[in-house]
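1. need coordinates for the below:
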Amino acid sequence: MKNTIFLSFSLAESSVSDYFLLLAHEFNKEYKVVIFSDVKKSENITLSNDIIVKYWPSVRPTKLVDGIFLYQNIKKYKPVLTVSIFGSVNIFLIVGFLCGVNKRVAWIRTLSSQFPQKKLLIVRKSLVYRLSTNLISNSQATKDDVVQKFGVAKNKIKVLPNSVADSYERIILEETKYKTITYVGRLHNSKGVDILIRAFWVVHTQFPDFKLIIVGNGAEKNNIENLVKELSLEKHVEFKGNLSKRKVLEVFKNTYLAVIPSRSEAFGYTVIEAMSMKTLVIGANNTGIAEIIEDLKTGMLFHTGNSIDLAKKIIQAIDQPLLREKLANEGYKHFIHNYELKKAIERDYSYFKSLINT
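-> Below is the predicted model:
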């Protein structure tokens with residue numbers, strides 16, 4: 001009889017879901033797999049018939065009814081390993097601990113600085129993390145943050161970088177690249193979109209035919225739109241809102257360069273998504289971003305928070321198209337070697353197997 005693995009993630013069309021779906025199918029070769037999701041499975045997502053899907057009673061699994069639901073399933077299936085991410089981490093670690101699950105793994109993919117720094121929340125998270133047997137972070141920056149902020153021992157945390165599929169050949173490339181600069185992500189203060197807007201204002205004075213594309217929504221949208229108006233850039237900045245993952249990749253493949261201006265970033269999925277489309281990435285020189293991009297080798301880095309330095313890097317890339325092409329191609333090679341999905345699954349599955357067997 002096969003042992004059981006529990007995986008908790010959203011069955012949505014996203015890079016995170018792509019990873020866990022492939023991991024689920026890899027586990028399914030040797031184990032019974034049960035997936036817990038907070039959203040209904042999209043018709044575009046394919047699962048093996050013998051993979052079991054459970055849907056949380058609540059939209060966000062934080063209530064007593066969700067705890068009871070998980071308790072009942074643990075008692076029924078007796079998992080040897082549970083892996084949780086994002087909103088299900090607390091309930092998986094607490095109920096898993098109470099039920100004596102052998103290996104309880106939580107995946108941490110955000111920095112504490114990106115959330116309200118309330119002492120009670122920090123204390124609560126510190127206590128919850130103690131209930132895990134192992135933690136996974138997506139970068140060294142995230143690992144350092146967890147150690148410093150929540151008091152977790154270094155040897156309890158394994159760094160496994162994020163990954164995305166190599167979809168380059170499946171995404172259409174227009175005949176000529178648009179004269180666009182692209183940002184993809186949440187419109188949140190930590191993401192530094194205001195820094196990009198101010199940098200683009202400088203770039204626009206030299207290259208008025210370039211446009212700035214902003215993909216995503218968030219709490220800072222009104223402030224960013226007001227800044228665009230203040231700088232008289234309304235005709236040169238386009239807000240796309242949220243797009244599907246495929247549309248995002250299309251935008252990346254057909255843009256001149258992508259910018260990741262975050263003030264801090266655990267890893268930066270959009271860095272490797274843009275790299276996977278052979279697009280030059282200019283990122284802020286901090287935390288998880290600087291772990292991915294090697295300046296003037298696999299992309300470009302600018303001084304965090306410095307819109308003038310960012311503008312200089314963008315202008316350099318526009319002025320030197322051969323440099324742009326070289327860095328874009330080297331970035332793609334770097335992605336294939338370090339962050340391509342299938343290779344990551346091989347690496348991570350080996351890690352999980354070693355956990356189960358110890």
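
2. neighbouring contacts of the worst-scoring helix or strand of the chain on mean pLDDT?
-> None of the helices or strands of the chain scores lower by mean pLDDT, DSSP states H and E than helix 119-129, at a mean of 90. If you take Cβ atoms under 8 Å, 6 or more residues apart in numbering as the criterion, helix 119-129 is touched by 89-90, 93-94, 106, 112, 115, 135, 146, 149-152. C-beta coordinates here come from the backbone N, C-alpha and C atoms, glycine included.

3. report the buried members of those residues.
-> 89, 90, 93, 94, 106, 112, 135, 146, 150, 152 (16 or more other Cβ atoms under 10 Å).

4. any idea which of those residues is closest to residue 350?
-> Nearest to residue 350 among these: residue 135, at 17.8 Å, using Cβ to Cβ.

5. can you list the low-confidence ranges for the stretch 201-350 of the chain?
-> For the stretch 201-350 of the chain, not a single residue meets the criterion pLDDT under 70.

6. determine the longest helix present in the protein.
-> Secondary structure of the chain read by DSSP state H shows that its longest helix is helix 321-338.

7. returning to what we had before: turn the buried ones among the contacts of helix 119-129 into JSON lines, columns for secondary structure.
-> What follows is the buried ones among the contacts of helix 119-129, written out as JSON lines (DSSP: H, G, I helix; E, B strand; the rest coil):
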{"residue": "89", "secondary structure": "helix"}
{"residue": "90", "secondary structure": "helix"}
{"residue": "93", "secondary structure": "helix"}
{"residue": "94", "secondary structure": "helix"}
{"residue": "106", "secondary structure": "strand"}
{"residue": "112", "secondary structure": "helix"}
{"residue": "135", "secondary structure": "strand"}
{"residue": "146", "secondary structure": "helix"}
{"residue": "150", "secondary structure": "helix"}
{"residue": "152", "secondary structure": "coil"}
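
8. wait, which of these is closest to residue 236?
-> residue 112 (35.7 Å).

9. and the gap between the residue nearest in space to the middle of the chain and residue 341?
-> With distances taken as Cα atoms, centre = their mean, the chain has residue 269 as the residue nearest its mean C-alpha position (3.8 Å). When Cβ to Cβ, to the nearest Å is applied, the distance between residue 269 and residue 341 equals 12 Å.

10. joint contacts of these two?
-> With contacts taken as Cβ under 8 Å, 6+ apart, the residues that reach both residue 269 and residue 341 are residue 164.

11. tell me where the stretch 201-350 of the chain has strands.
-> Ranges of strands within the stretch 201-350 of the chain are 211-215, 237-241, 257-260, 280-284, 300-302, based on DSSP state E, counting those that start in this stretch.

12. any chance of the ones you listed in JSON lines, plus distance to residue 230 and mean neighbour count?
-> As requested, the strands of the stretch 201-350 of the chain are arranged in JSON lines below (distance: least, Cβ to Cβ, whole Å; neighbours: other Cβ atoms under 10 Å):
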{"stretch": "strand 211-215", "distance to residue 230": "15", "mean neighbour count": "21"}
{"stretch": "strand 237-241", "distance to residue 230": "12", "mean neighbour count": "15"}
{"stretch": "strand 257-260", "distance to residue 230": "20", "mean neighbour count": "27"}
{"stretch": "strand 280-284", "distance to residue 230": "22", "mean neighbour count": "27"}
{"stretch": "strand 300-302", "distance to residue 230": "22", "mean neighbour count": "24"}
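
13. of all those strands, which one is nearest residue 229?
-> Going by Cβ to Cβ, the one of the strands of the stretch 201-350 of the chain nearest residue 229 is strand 237-241, 9.6 Å.

14. who's in contact with that closest one?
-> Taking Cβ under 8 Å, 6+ apart as the criterion, the residues outside strand 237-241 that touch it are 197, 200, 211-217, 221, 225, 228, 251.

15. kindly recompute the last result at 10 Å.
-> By Cβ atoms under 10 Å, 6 or more residues apart in numbering, the list of residues contacting strand 237-241 from outside reads 180-184, 187, 196-197, 200-201, 204, 211-217, 221, 224-225, 227-229, 231, 247-248, 251.
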